[in-house]
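K.L.:
Sequence plus the predicted model coming up.
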Amino acid sequence: GENVEQHPSTLSVQEGDSAVIKCTYSDSASNYFPWYKQELGKRPQLIIDIRSNVGEKKDQRIAVTLNKTAKHFSLHITETQPEDSAVYFCAAGAGNQFYFGTGTSLTVIP
Amino acid sequence: NAGVMQNPRHLVRRRGQEARLRCSPMKGHSHVYWYRQLPEEGLKFMVYLQKENIIDESGMPKERFSAEFPKEGPSILRIQQVVRGDSAAYFCASSPQGISGANVLTFGAGSRLTVL
């Protein structure tokens, strides 16, 4: 089955700086890569996703890049704000299945 | 659209009792997934169901755990003879179809099970 690895597990940045979270996957059949944000005690919520026919996607301060050859994808958050503090999960989808990374706890220091 | 509805939000059980967690997918969604999240850990896949069918239960323990998604009514995750290690947040998610299609996975608010 698919194996998704996510790094780093924790990340602290100063407000206004950028944050980058990286994930790798093992199954070349994976073709859908969503990112979820989970605030403390809340449900995971989709913030951005990318499909395997696209190399990069951007939505305001959030961008995701995908390198199919290397089987890795990354989340980039620019101009971070305190409300960006949360746990972020990457996932890889293949067939009818989603496999999640272990999460990155992001803290934005005001 | 009420989104993915899970209940109960919080459930307390004593060791040996049964826990039943319910999930109603978003309107129009026919695919349901259950995930378990231990404190400060990631989302661990348990089971994937479509109406009246279990498609993939490879993440669900073989004993004490079962899931169903009947033709009518919510999906149910059932844990028999609960133990302390079952204490976790159980998230349900639904999608309109498999990931080959418009497959945004929407999560419910979760059911937090505490076993005393």
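P.N.:
Ah, there it is.

K.L.:
okay, CA-based contacts and neighbour counts for the rest of this
P.N.:
Will do.

K.L.:
Would you map the strands across the chain?
P.N.:
Here I'm looking at chain A. A:5-7, A:10-14, A:19-24, A:32-38, A:45-51, A:56-59, A:62-67, A:72-77, A:86-94, A:97-100, A:104-109 (DSSP state E).

K.L.:
wrong one, chain B
P.N.:
So, for chain B - with DSSP E - the strands run B:5-7, B:10-13, B:19-24, B:31-37, B:43-50, B:53-56, B:65-68, B:75-79, B:88-95, B:106-107, B:111-115.

K.L.:
ok, the last one: who's next to it in the sheet?
P.N.:
In the sheet, strand B:111-115 lines up against strand B:10-13 (parallel), strand B:88-95 (antiparallel) (DSSP bridges).

K.L.:
and what of the fourth one?
P.N.:
In the sheet containing strand B:31-37, the strands it pairs with under DSSP bridges are strand B:43-50 (antiparallel), strand B:88-95 (antiparallel).

K.L.:
Can I get the strands paired with strand B:111-115 in a markdown table including distance to B:Leu38, mean neighbour count and mean pLDDT?
P.N.:
What follows is these, written out as a markdown table (distance: least, Cα to Cα, whole Å; neighbours: other Cα atoms under 10 Å in any protein chain shown; pLDDT from 0 to 100):
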| stretch | distance to B:Leu38 | mean neighbour count | mean pLDDT |
| --- | --- | --- | --- |
| strand B:10-13 | 15 | 14 | 97 |
| strand B:88-95 | 5 | 25 | 94 |
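
K.L.:
ok, the nearest residue to A:Val64 once chain neighbours are set aside - contacts?
P.N.:
Nearest residue to A:Val64 in three dimensions, chain neighbours excluded: A:Leu75, at 4.6 Å (Cα to Cα, 6 or more residues apart in numbering or on different chains). Contact analysis of A:Leu75 by Cα atoms under 8 Å, 6 or more residues apart in numbering or on different chains lists A:Val20, A:Ile21, A:Lys22, A:Trp35, A:Ile62, A:Ala63, A:Val64, A:Thr65.

K.L.:
redo that, cut-off 10 Å
P.N.:
A:19-23, A:34-35, A:48-49, A:57-58, A:62-66, A:88-90 (Cα atoms under 10 Å, 6 or more residues apart in numbering or on different chains).
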